[in-house]
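Student: Based on what follows, work out the 3D shape:
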Amino acid sequence: MEITHNMKSIIFDYNRTIYNPEEGIVFPGSLEILQKYKDAGFVLFLVAKGGIDRKNQIKDLNIEHFFKKIIVHPEKTKDDFIDAMNECAEKTVFFVVGDRVKKEIRFGNECDMTTIWLKNGKFKDEEPELDIEKPDHVIHELSELESVILRS
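Tutor: This next block holds a predicted model:
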């Protein structure tokens, strides 16, 4: 089957992007945002650092149904993002949303994805030191995501 239009996908970081570890809850509005993009036909992925406890936490939150694949490893690497890319058609346009310029933004840039830095919370002052860590877009709340994706 030939794809005649670009499919779109979003890789979401888990901690401090979707989930607030300080309060032990999903950030308010996150579930609605995930549902909106899923309903719009985006292929969603979740990338998280952790082990079996993190996998169980995600399962307990009942958010698995939003994602085509949930990738959890002891350390995030570029391979996690390549893994997501391999789940989609060749012409898929990828967005990455995360709070760490040294992790999600860097790996997304290395994979030639559109990177969106959620500059909020614990790592908001962790500025890019290398060009590869510079995001394409900066938002301060997940609710700003739509304006960025519509412009891209």
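Student: Using the three-state scheme, assign E129.
Tutor: Following DSSP: H, G, I helix; E, B strand; the rest coil, the label given to E129 is coil.
Student: okay, now it: neighbour count?
Tutor: Counted with other Cβ atoms under 10 Å, the burial measure for E129 works out to 10 neighbours. Yep, even glycine has a C-beta here, placed from its N, CA and C like the rest.
Student: what sits against it?
Tutor: Counting by Cβ atoms under 8 Å, 6 or more residues apart in numbering, E129 touches no other residue.
Student: Please apply the same query to G121.
Tutor: Shown in contact with G121 (Cβ under 8 Å, 6+ apart): 16, 99.
Student: quick one, strands of this structure?
Tutor: All strands of the chain, identified by DSSP state E, fall at 8-13, 19-20, 25-26, 43-49, 69-73, 93-98, 114-118, 137-139.
Student: Nearest to D131, out of those?
Tutor: Of all these, strand 114-118 sits nearest to D131, with 12.0 Å by Cβ to Cβ.
Student: Next, the buried residues of the closest one.
Tutor: Across strand 114-118, burial judged by 16 or more other Cβ atoms under 10 Å covers 114-118.
Student: Repeat that for stretch 67-78.
Tutor: Buried residues in stretch 67-78 (16+ other Cβ under 10 Å): 67, 69-72, 76.
Student: Can you give me the end-to-end span of that stretch?
Tutor: End-to-end distance of stretch 67-78 (Cα to Cα, to the nearest Å): 19 Å.
Student: centre of the chain versus that stretch, how much separation?
Tutor: Relative to the centre of its chain, stretch 67-78 is centred 10 Å away, using Cα atoms, centre = their mean, to the nearest Å.
Student: for stretch 29-36, same thing?
Tutor: Mean-position distance between stretch 29-36 and its chain equals 13 Å (Cα atoms, centre = their mean).
Student: ok, back up a step: nearest to Y37, of the buried residues of stretch 67-78?
Tutor: Distance to Y37, by Cβ to Cβ, is smallest for F67 among the buried residues of stretch 67-78, at 10.7 Å.
Student: Show the pLDDT at the closest one.
Tutor: Looking at F67, its pLDDT is 97.
Student: Fine by me, we can end here.
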